[in-house]
Every structure is written in structure tokens, then in C-alpha cells.
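A.B. asks: Turn this into a model:
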Amino acid sequence: RTSELQKSERKLAEQTEALTVTLEHMTQGITLADPEMRLKVCNHRFLELMEFPDEMGELGTPFEAFIRYNAERGEYGPGDLDTQVAERVDLARQMRAHHFERVRPDGTVLEIVGQPLDGGGFVTTYTDVTEQRHSNDRLRATLETSPIGVVIWRLADYHIVYSNRRFAEMTGRSVEELLDTRITNRHWSPADSERLIQHVEQGEAVRHAEIQYVGPHGTHFWGLTTLERFQYQNEACVLEWVYDFTELHDVRAKLEHMAQHDPLTDLANRRLLQDHLDRTLAHASRRSALVGLLFLDLDSFKPLNDAYGHAFGDWVLKEVAERLNTCLRRSDLAARIGGDEFAMVIDDLQSREAALAMAERVLEVISLPCRQEGRDFQLGASIGVVLNTLPNADAEALLRYADRAMYRAKREGKGCCVVFDPQIDGDHP
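C.D. replies: Here you go, the predicted structure:
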């Protein structure tokens, strides 16, 4: 039994030594007070950070002694010394958890975290965060002069805790107006907000996302946005960098529009028609939906163009484009193929008859009377119609079939519409 006792004592001594070594190698100061607020454990780092003499680290030192030492050297500022001590001792006896920062007279910033123990007593850690706070100050100075908008918001509730002047200017608000409002109120689209927050919460990087923001007086602007998750003021926050590239975005959008639209009529060009038809056919295939393609050629356009000039001919083409647009539904598309040829993609048709009805409607609208430069005249057109009911009919094949049907309409007297028939029109799918 004596042997077992000796073994237990050795094990306890080893554990105590290991704990002592661990405490002395911590970068944080740490203290443990018993329920009577007497020092039970402390490491040398605590005495060093607080600049207490070594003898105050002796076990049993009352907590009040530390408070009084601080008060006597002016740690708490001007005031009655006994009152300062009494107030702080009374607060400590309440054994409440706390977390705050203290700036010592020499400029050292300490983060102090205290936590009561279930069995009585209190454990407190002291961390030197001076460099971190100085880094934050340098960061703030850099951000305030940045030409890029910067905003910091809490991940817990999305509330803004910091904004630089540039971001405030971009949104048409003052910095004070932005603070403690939700970042989601600054994003133009709720879907954008939801997507960005989801990426950040999942720990995914957000780099150069193109996001619309709410600007001054109900306007909006485009921001090239980068989000970075980090700790700010002891909270999980998000650093949001916003570069206003509205002008570049608008120029790019115009160039993309120019690349996909006819410069005279502003209808879709052949490239956009092909892409749209490909997408529509793929979508229709999944839904077993009916799609129609109308290929239209103006009748007797060349004589008008030759008689009255190219400017008059251009007006006619633009007038036809406007009339075609009046026949479109949201999911339809009209395009100018070239010269006096046009095409229309009609989605979600109910039947073959519905496609023919649409073609008849187009002929009716095209043939309405025109007046330009004091001249009254009437236009006409021939239309070829093809449906996606043909086997293995992709966009290129349907355009070819509709073109052949249109030429048959020309041969049959113009001013009419015909449906592609492989037996008649000579192209077997």
C-alpha cells in the first residue's frame, strides 16, 4: 500500500511539474483565484505584463492587493484611492464573466478575459494585443485613404461595423448612416446577398464577383467585389472590398450587345439567333414542347430600295423590325438574317395551327399601310415555317428547312406562308 501511495505521489508531482512548465511557457498571463479571492495559481507572464513585483505572485495573495497596487501607481487614473479599490473589489466578488481591453499607462493594450469556475473561484487570462491593435490602426489609416470602397460587417447579423469614406460616397450615405445597418441593404439584389453570404459562411473564397450596389438617390452601380473572412474586434467579420467599375461594365455590355445585334434594326443577328435557337430546342426537348421557326423575306423590297434610295430602304427595314417586335411574346426572338430576310423563334406553341396563326399574324402586321417622305405604300412578305417535330433537327437544319419553305412561298405567289414539307421542299431530315 505504501508503494502505491508513493507511486501516486510521484505521478501527482510529475503532473504538477508539467502544469508549472506549461504555465511558464504560455504567452498569456493567467491567474486562478479561490472563492475567497486569494491567489491560487499565477504564471510569471502575468506578473510581467502587469509589472507586479515577484513577491505578489506568492500563493494566498489577496486579490485586493493587486487592485491597491494598481490604484497606488495611478493605473485607474485620478480619484480617491480607497474608493477605486472598494469598487473594483466589490465588482470582482460578484464573480461575473468579463471580456474587455485595458490600455496601460505605457501604451500596452491587454485583452482580459475572466470566467467563474463551477466549484467557486475565478480564472483570468491576460493577452498582449498591442501589436494587433496597432496593426488595426494602420489598417484603418490605409483604408481611409483607399480609392476602393471598403466595408466590414459582422458575420453573425450582417451589421456594418466599419466603412471607409469611399464606400460611403459610392452609396450616397455618410459613414455614420451606414454603421449598424445591414450589408444586405447595400446590395441591389437579395439573390446576390444570399449567394455572397453563403460562400463566406461555407469558408469559400469570393474574388472579383460582379455585384450591383444601391447608389445615391435610388440609383445603382456595379462593384467588382472581393470578400475576406477575418477576426475584427474579437468578432467573426467579413472585409468587403468594392471597386466601382460601372463605366467599364456599361461599355462591355454595349460591346456585347453590338456583337449580338444587327446595327440597323437592333434585332438579334444571326449569331444570337443560332445561340437562342440552340438553347430553346434543348429546353423544349426536355419538356417535350413545340417550337416554331419562321423565315421571312420581304416581297418587292429591291424595287423600293432602287427607286427611293438606301436611306428609304433602311427606314423600311427598321419599320419591319418594329412591327415584328409587336408580335413577340417574352420567350420569343426576332432576328435580321441579312438584307431583307428576317427570322422569328416562337417557343411553347400549342399546335401546328398555332404556328401558322402566328405566321398569318406577322403577314397581317407587315402589310399594314406605310407612309414615309410623303409616299404611301404597302409592304408584303413570304414566310416559311418549320417545327421541331422533325427527327434530328438541330438549329442549323431548322434554319435551312425554313429557308426552303420560304422560297416555296415565293414560288406560290408571295404574300403567304407555307410549312416545310421534306417531300416537296427536297431536303429529307
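
A.B. asks: Please tell me I have it right and residue 382 contacts residue 403.
C.D. replies: No - look at residue 382 against residue 403 with Cβ atoms under 8 Å: they stay out of range, at 11.1 Å. C-betas here are computed from N, CA, C, even on glycine.

A.B. asks: neighbour count winner among those two?
C.D. replies: residue 382 (24 against 20; other Cβ atoms under 10 Å).

A.B. asks: tell me the contacts of the more buried one?
C.D. replies: 296, 297, 299, 406, 409, 410, 414, 415, 416, 417 (Cβ atoms under 8 Å, 6 or more residues apart in numbering).

A.B. asks: Could you check the pLDDT of it?
C.D. replies: If you check residue 382, the pLDDT there is 93.

A.B. asks: That one falls within a strand, correct?
C.D. replies: Yes - secondary structure of residue 382 (DSSP: H, G, I helix; E, B strand; the rest coil): part of a strand.

A.B. asks: how near is it to residue 341?
C.D. replies: 10 Å (Cβ to Cβ, to the nearest Å).

A.B. asks: Can you pull the residues that touch both of these two?
C.D. replies: 296, 297.

A.B. asks: What is the top strand by length along the chain packed up against?
C.D. replies: Scanning the chain for the longest strand, with DSSP state E as the assignment, gives strand 220-232. If contacts are counted by 3 or more Cβ pairs under 8 Å, 6 or more residues apart in numbering; DSSP states H and E, strand 220-232 sits against helix 190-201, strand 206-214, strand 235-244, helix 246-260.

A.B. asks: Just the buried residues out of the contacts of residue 382, in ChimeraX syntax.
C.D. replies: The ChimeraX command for the buried members of the contacts of residue 382 (criterion: 16 or more other Cβ atoms under 10 Å) is given here:
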select :296,297,299,406,409,410,415,416,417
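
A.B. asks: can you tell me which of the contacts of residue 382 lies nearest to residue 181?
C.D. replies: residue 296 (53.9 Å; Cβ to Cβ).

A.B. asks: nearest residue to that closest one other than its sequence neighbours?
C.D. replies: residue 342 (4.5 Å; Cβ to Cβ, 6 or more residues apart in numbering).

A.B. asks: since we're on that neighbour, how many residues are nearby?
C.D. replies: So residue 342, with other Cβ under 10 Å, has 28 neighbours.

A.B. asks: Helix, strand or coil: sort out it for me.
C.D. replies: Under three-state DSSP, residue 342 comes out as strand.

A.B. asks: OK, contacts around it?
C.D. replies: 267, 295, 296, 297, 320, 321, 324, 334, 335, 336.

A.B. asks: which stretches of the stretch 1-150 of the chain form strands?
C.D. replies: 29-33, 39-42, 98-103, 109-116, 122-128, 149-154 (DSSP state E, counting those that start in this stretch).

A.B. asks: Turn those into CSV, including distance to residue 217 and mean pLDDT.
C.D. replies: What follows is the strands of the stretch 1-150 of the chain, written out as CSV (distance: least, Cβ to Cβ, whole Å; pLDDT from 0 to 100):
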stretch, distance to residue 217, mean pLDDT
strand 29-33, 54, 88
strand 39-42, 60, 87
strand 98-103, 40, 86
strand 109-116, 42, 88
strand 122-128, 46, 89
strand 149-154, 18, 95
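
A.B. asks: any idea which of the ones you listed is most buried?
C.D. replies: Mean neighbour count, computed with mean count of other Cβ atoms under 10 Å, is highest for strand 149-154 among the strands of the stretch 1-150 of the chain, reaching a mean of 23.

A.B. asks: Can you spell out which helices and strands pack onto that strand?
C.D. replies: strand 160-163, helix 165-171, strand 235-244.

A.B. asks: Is it possible to get JSON lines of those that adds mean neighbour count?
C.D. replies: Conversion of the helices and strands packed on strand 149-154 to JSON lines gives the following (neighbours: other Cβ atoms under 10 Å):
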{"stretch": "strand 160-163", "mean neighbour count": "21"}
{"stretch": "helix 165-171", "mean neighbour count": "20"}
{"stretch": "strand 235-244", "mean neighbour count": "19"}
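
A.B. asks: Can you say which of the ones you listed is nearest to residue 124?
C.D. replies: Here strand 235-244 is closest among those (Cβ to Cβ), at 20.9 Å.

A.B. asks: Let me know the pLDDT of the nearest residue to residue 184 once chain neighbours are set aside.
C.D. replies: Leaving out its chain neighbours, the residue that sits closest to residue 184 by Cβ to Cβ, 6+ apart is residue 193, at 4.3 Å. Residue 193 is assigned 92 on the pLDDT scale.

A.B. asks: okay, now residue 193: neighbour count?
C.D. replies: Around residue 193 there are 18 residues (other Cβ under 10 Å).

A.B. asks: residue contacts, it?
C.D. replies: 183, 184, 187.

A.B. asks: got a list of what the second one touches?
C.D. replies: Residues near residue 184 by Cβ under 8 Å, 6+ apart: 158, 190, 193, 197.

A.B. asks: same check, this time on the first one
C.D. replies: When contacts are counted by Cβ under 8 Å, 6+ apart, residue 183 touches 151, 153, 158, 159, 160, 193, 238, 240.

A.B. asks: Next up, the contacts around the fifth one.
C.D. replies: Right, residue 160. Contacts of residue 160 by Cβ under 8 Å, 6+ apart are 151, 152, 153, 178, 179, 180, 181, 182, 183, 186.
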